[in-house]
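Peer 1: Here is a sequence together with a model predicted from it:
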Amino acid sequence: MTELELYPGHPYPLGPTWDGKGVNFSIYAGHATAVELCLFEENYDQNHIVVNLFERTSQIWHVYIPGILPGQCYGFRVYGPFDPLHGHRFNPNKLLIDPYAKAISGSVNWHESLYGYETGRDDLTFSTLDSAAFVPKSVVIDPSYDWEGVKAPNTSYHKSIIYEAHVKGLTKLHPDIPEEIRGTYSAIAHPVILNHLQSLGITAIELMPIHQFINDNMFVEKGLNNYWGYNTIGFFSPDTKYSSKGTMGGQVTEFKDMVKALHRAGIEVILDVVYNHTAEGNHLGPTLSFKGIDNAEYYRLTADKRFYMDYTGTGNTLNAHFPSVLRLMMDSLRYWVMEMHVDGFRFDLASTLARGLDDVNMLGAFFSIIHQDPVISQVKLIAEPWDVGHGGYQVGNFPPGWAEWNGKFRDSIRDYWRGEHKMLGEFASRFTGSPDLYRDDNRRPTASINFITAHDGFTLHDLVTYNHKHNEANGEDNKDGEDHNRSSNYGVEGETDNEHINQLRKKQKRNMLATLFLSQGVPMLVAGDEMGRTQHGNNNAYCQDNEISWLDWKAADQDLLQFSKKLLNFRKAHPAFCRRRWFQEQPIKGSGITDIAWFLPEGIEMEDHNWDQDFAKSLAVFLNGKGIKSRDNHGRKIFDDNFYVIFNAHHEGLDFKLPPAIYGMEWHNVINTSDSSLDEFKRYFPLENIHVAGRSIIVLNASSAIKENN
C-alpha cells in the first residue's frame, strides 16, 4: 500500500462506510485507551499497515481514509487494562473482527494465539502470541445493488405458511442443482427449489442462522462441525460457508440475489437470529471480537466480574441492557431489513433478551426499543419463547406484536395422536389458535406459530419410528438431546419390513400434518417433513454436517409429498382454516348456529363434562363458513364453505353421526388421512353415519346452508 492520508472521519455510522472516494471506519470501545486499525493485503496475512485511530467522539473511535476500496481486509487491535477480575480482557496481541463488518473473509483457524490468556494456564494469565494469521479479516464492501424493482410479498400473518430450512441441508443433495452451487444461497434461488416451495404453497422460508458463525474448536478436534450455526461472531455478515461467489463481499451480493429471487417467487425470507450470545464462549473461550473490544460492556458478567452469566448454555450472554449493545442489535436488525430486504426474524432463546438482573421481563429495554422502531416493528417478529435459565419458559407471555413458537401446540398434538388420555380440551384449544395463551392480551390467533417438529428434535418420520434418541454420531455417548420426545415407534424401534406398522406410521404422519395445517394460527413446516426425511433417530443433529442432516431428495416419499401439497394448498384456498380473529362461539345472525361447534361421535354437541373424560380420544368440529367475521383488503366480507372435521385418535374405527341439516344439507369428503385415494365426491347427508378408521382424520365440506342476506 502507498502512504495513507488520514482524516478525522465521523463517529456514525458505526463500522466501515465506503462513499466512492474512501472509507470511514468507526468502532465503539468504551473502556479502551487506544485503538489501532490494521489494513491487510490478504486474508490470514500477518503483514499489515497500522493506523492509529486518533479521533474519539465520546466512546467511539473513528478515522476516514481516502483511496480505500471495497475488498479491503482489516481488523482492530484494542488497548486497555487486562484485568479479568474486574471484567476487562483487553489484549492488543489479538486481532479483532469488527462487530459491524458487513463481510468476513472466512473461518477461524484454531490456534493457541486466539486466546487472550496462556493456554494450559488459567484465564488470569496474559498471552503475548499474535493472532493475526489465524483470524478471518473484516472486509469493506460496496453496498450498491440493483433490486430491479422487486418488492417484498408482504404476506399477512394469517395467510402465511412458514418453511424452516437450512441453506446447505436443503440443497446439498439435490440432483438437479449444479454441483458447484449446492449448499449455497444461489442454490436456494435455483428454479427447482423455488418451484418446490411454490408447489407446496409456502409463503415464507425461515433460514437457520446465516450470520457469520464459528465452528467451535471442540467440533474441529472431533472432526465435526457446528452445522446449525447458533454461534454468531458477525451480526451483519452473511456466512461465507454458504457462498459460491467468494468471501470478499461476494457473499453479500449472493445473499441479495437469493432474497430477490424468493421475493419474485412470492416467498418471504425470515432469518433465525442469535442475539443472546456470541461464539466467544466463557472465560476460557477465545478473544475474537467483543471480548477484546469491551468485555465488561458487551457481556453480562457475574458479581465478581471474572465469569459470565450463562442463560443460553453456550458460556456467555450478551448484555441486552447496555446502550451500545442494544444499538448493535438494533442496527443489525435494521440493516437486514433495509439493505438485505429480509421480511422478519425468529429470535433464538428470546427470553434471554428480556432478562433484567435475573428474571424475564417482557417490558424490558430490548422489546421497548423494537416496539418504537419504525423499521423493525413493521416486519415479522417471532420469539423462541424460552431459554435455559430459571423461569425462562415464557410461551404465551410475549408482548403484542410478537408471534411465538408454540411449544404447547407441539406437545399437545404429539400426545393426542400417540393416544395419551384426557387430551380433548387441550387439543381443542391448540386447534383453535391457543386462545388460553394469546387472547387475553389482545393478540390474535396468528400469535401462535404452530409446529409439530423443528430443526431441534425428531423429524416427522422419526417421530413415528423411534421411541428413543439415537445420537451416538454426536460423540457424547448419546447423552445429548431431549429424552422425552412424545414419540412412538408403534412396535419396532427404527425401520421395519412390517407392512402393518409402516402403514400406521404413514397414517400418523398424515394425521399430524393435517392437524398442523387445519389448525388456526400460523403453521411451520420443517424442510423435508413433507417427503419423509429421516435423521435415523438423531434428535440433536447440531454437529452433523453430512447425510444425517441433508435432505435426500432421491429418497423422497412421493405419496406423502403429494398429500402435503394437497393439504397446504387446501388450507390456502379456505379462509375457514386461517382466520384473523378468534372464534366467538355465538349464533350467526339468521342461522341458529355458531361459528364453531364441537360434537361427540353420536352427533350431539359436546357439553362441559365431555371434555374431561379420560378415555375419550375422538371428537368432531363444525366450522361455519359464514362466521369468519373478517373482511378482505377491499372491505368485502369473507365467506367460505362449511366444514366438518372428524378426529379419531382411538386405535379402532368408529362410526360418527353427522349433525342435523341446519349445519349442512350435503357433505363431501375432501381429506381422509386413512386412505387418500378414497372418492372425494362421495356424498353424505345429515344424521347419516360415516365410518372413521382408527387413528385418522376426515374432512367434509358443504356449501354453506345459510344464504347471505343482501
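Peer 2: Right, received. Where do you want to start?

Peer 1: isn't residue 613 right next to residue 425, touching?
Peer 2: No: using C-beta atoms under 8 Å, residue 613 makes no contact with residue 425, being 9.9 Å away. All C-beta spots, glycine's among them, are computed from the backbone N, C-alpha and C.

Peer 1: Looking at those two, which is more packed in?
Peer 2: residue 425 (17 against 14; other C-beta atoms under 10 Å).

Peer 1: Now the nearest residue to that one once chain neighbours are set aside. Its backbone dihedrals?
Peer 2: In space, and not counting its chain neighbours, residue 425 is closest to residue 611: 4.2 Å by C-beta to C-beta, 6 or more residues apart in numbering. The phi/psi pair for residue 611 (degrees, to the nearest 10) reads phi -70, psi -20.

Peer 1: what about residue 611, distance to residue 49?
Peer 2: Using C-beta to C-beta, to the nearest Å, residue 611 is found at 73 Å from residue 49.

Peer 1: Neighbour count for these two, which is higher?
Peer 2: residue 611 (18 against 15).

Peer 1: close enough to count as contact, the more buried one and residue 426?
Peer 2: No: using C-beta under 8 Å, residue 611 is not in contact with residue 426, being 9.3 Å away.

Peer 1: Next up, the contacts around the residue nearest to residue 425.
Peer 2: Neighbour list for residue 611: 424, 425, 428 [criterion: C-beta atoms under 8 Å, 6 or more residues apart in numbering].

Peer 1: so which strand or helix has the second one?
Peer 2: Right, the one you point to is residue 425. helix 424-431 (DSSP states H and E).

Peer 1: Kindly format the C-alpha coordinates of that helix as CSV.
Peer 2: Once non-C-alpha atoms are left out, helix 424-431 reads as follows in CSV (Å, rounded to 0.1, in the frame of the first residue of the first chain):
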residue,chain,number,x,y,z
LEU,A,424,-59.6,-33.4,24.3
GLY,A,425,-59.7,-30.0,26.0
GLU,A,426,-56.1,-29.3,25.4
PHE,A,427,-56.3,-30.5,21.8
ALA,A,428,-59.3,-28.2,21.0
SER,A,429,-57.5,-25.2,22.5
ARG,A,430,-54.5,-25.8,20.3
PHE,A,431,-56.6,-26.4,17.2
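
Peer 1: just the contacts of residue 611 now: which is nearest residue 664?
Peer 2: Nearest to residue 664, judged by C-beta to C-beta, of the contacts of residue 611 is residue 428 at 20.4 Å.

Peer 1: give me the number of residues near the closest one?
Peer 2: There are 18 residues near residue 428, going by other C-beta under 10 Å.

Peer 1: and the gap between it and residue 149?
Peer 2: The spacing between residue 428 and residue 149, counted by C-beta to C-beta, is 46 Å.

Peer 1: ok, now residue 65?
Peer 2: 35 Å.

Peer 1: So these two - more neighbours on which side?
Peer 2: For residue 65 and residue 149, the more surrounded residue by other C-beta under 10 Å is residue 65, and the numbers stand at 21 against 6.

Peer 1: That one in helix, strand or coil?
Peer 2: Secondary structure assignment for residue 65 (DSSP: H, G, I helix; E, B strand; the rest coil): strand.

Peer 1: For it, list the residues it contacts.
Peer 2: Here residue 65 is in contact with 4, 5, 6, 7, 22, 23, 25, 51 (C-beta under 8 Å, 6+ apart).

Peer 1: Neighbours of the first one, how many?
Peer 2: Residue 4 sits with 14 neighbouring residues when counted by other C-beta under 10 Å.

Peer 1: I'd guessed it sits against residue 63; true?
Peer 2: No: counting by C-beta under 8 Å, residue 4 stays clear of residue 63, with 9.5 Å between them.

Peer 1: Identify the contacts common to the two.
Peer 2: The contact lists of residue 4 and residue 63 share residue 51, where a contact means C-beta under 8 Å, 6+ apart.

Peer 1: Show me which residues of the longest helix seen in the chain are buried.
Peer 2: As assigned by DSSP state H, the longest helix anywhere in the chain is helix 499-518. Across helix 499-518, burial judged by 16 or more other C-beta atoms under 10 Å covers 501-502, 504-518.

Peer 1: Tell me the first helix or strand C-terminal of that helix.
Peer 2: strand 522-526.

Peer 1: Check which helices and strands the very next helix or strand once past that following strand sits against.
Peer 2: Proceeding N to C from strand 522-526, the next assigned helix or strand is helix 558-573, under DSSP H and E. In this structure, helix 558-573 makes packing contacts with helix 191-200, helix 499-518, strand 522-526, strand 667-672, judged by 3 or more C-beta pairs under 8 Å, 6 or more residues apart in numbering; DSSP states H and E.

Peer 1: Can you list the strands that the shortest one pairs with?
Peer 2: Looking back up the chat, that one is strand 522-526. Strand pairing for strand 522-526, determined by DSSP bridges: strand 162-165 (parallel), strand 448-450 (parallel).

Peer 1: which residues of this structure fall in helices?
Peer 2: 167-171, 185-188, 191-200, 217-222, 250-264, 290-298, 323-338, 365-372, 407-417, 424-431, 435-438, 460-463, 499-518, 558-573.

Peer 1: follow-up on the earlier one: using TSV, lay out the contacts of residue 611 together with pLDDT.
Peer 2: Output for the contacts of residue 611, formatted as TSV (pLDDT from 0 to 100):
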residue	pLDDT
424	96
425	95
428	96
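
Peer 1: out of those, which one sits closest to residue 699?
Peer 2: residue 428 (16.3 Å).

Peer 1: Spit out the contact partners of the closest residue to that closest one other than its chain neighbours.
Peer 2: In space, and not counting its chain neighbours, residue 428 is closest to residue 598: 6.5 Å by C-beta to C-beta, 6+ apart. Residue 598 makes contact with 428, 605, 606, 619, 620, 621, 622, according to C-beta under 8 Å, 6+ apart.

Peer 1: what about 6 Å?
Peer 2: With contacts defined as C-beta atoms under 6 Å, 6 or more residues apart in numbering, residue 598 is in contact with 606, 619, 621.

Peer 1: That one pairs with what?
Peer 2: Applying DSSP bridges to residue 598, the residues it is bridged with are residue 621.

Peer 1: what separates it from residue 695, distance-wise?
Peer 2: Taken as C-beta to C-beta, the span from residue 598 to residue 695 is 20 Å.

Peer 1: Could you do residue 652 as well?
Peer 2: 9 Å.
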